[in-house]
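**Student:** Predicted model follows, preceded by the sequence.
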Amino acid sequence: MTAFFNFLDRIESHICRLLLAGFVVLLFVQIVARQFFSYSYTWIEELSVILFVWFAYLGAAYAARIAAHNRVTFHLNALPRKTARIIEAIGDLFWIAFNIVMVWQCVQFISRMKPFVKAQTLGWEMRFVYLLLPISFALMTVRILQVNYMKLVQGIDPRDPDEIKTELVLDLARDEVAAYEKQQDRKNG
């Protein structure tokens, strides 16, 4: 199972990077075409929006995996770690319930779409564009369950990478201050 999740981590990460690079490049091409050639590609606007939305939803699933999603935690930090984990897990149950409702509603919405409902300039059937919604909410649910399994069963605490980097920088700053103070003590002593 670990090999599957490692593969999923890599695929999600690469897809998100490709989507981000894709819509940034497309928007850059559109800006250059408008500014220097007074020409606009109508399909670029629509494709950029689609890629951005896909990036946002898949990025949300990936953020759930690395515990980088937005969560109010100041009150949890005041509690013992074990109690905080249990409260987080209860909150995640509500999140999972919401995701299940969203998967169900998205599938219902997509199944009712008619084939003639298409993207204006690309001509794609919108049900294929919207298909990402139930996939991303289902993937987010899998990721939430995975992180809770890691926390509650394996005892691994996957934390937000930005939080880890901040702590490393603060530790480095403390080390620098301690080294400076030690140097000053040698000079004065």
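**Tutor:** Great, that's in hand.
**Student:** Report the buried residues of stretch 124-143.
**Tutor:** 125-127, 129-130, 132-134, 136-143 (16 or more other Cβ atoms under 10 Å). In this view, the C-beta of every residue, glycine as well, is placed from N, C-alpha and C.
**Student:** Sort out for me which of those residues are in helices.
**Tutor:** For the buried residues of stretch 124-143, the ones inside helices are 126-127, 129-130, 132-134, 136-143, with DSSP state H as the criterion.
**Student:** what's the domain layout of the protein?
**Tutor:** 2-158, 162-189 (automatic domain parsing).
**Student:** how far does the longest one sit from the chain's center?
**Tutor:** Read that as domain 2-158. Averaging C-alpha positions (Cα atoms, centre = their mean, to the nearest Å) puts domain 2-158 6 Å from its chain's average.
**Student:** Name the single longest helix found in this protein.
**Tutor:** The chain, longest helix under DSSP H: helix 2-37.
**Student:** any idea which helix or strand comes after that helix?
**Tutor:** Toward the C-terminus, helix 2-37 is succeeded by helix 42-65 as the next helix or strand (DSSP states H and E).
**Student:** If you count neighbours, what's buried in the longest helix of the chain?
**Tutor:** Buried residues in helix 2-37 (16+ other Cβ under 10 Å): Leu8, Glu12, Cys16, Leu19, Gly22, Phe23, Leu26, Leu27, Gln30.
**Student:** wait, which of the ones in helices among the buried residues of stretch 124-143 is closest to Arg34?
**Tutor:** Val129 (24.8 Å; Cβ to Cβ).
**Student:** For the closest one, give me its contacts.
**Tutor:** Ile50, Ala119 (Cβ atoms under 8 Å, 6 or more residues apart in numbering).
**Student:** so how far is Thr121 from it?
**Tutor:** 13 Å (Cβ to Cβ, to the nearest Å).
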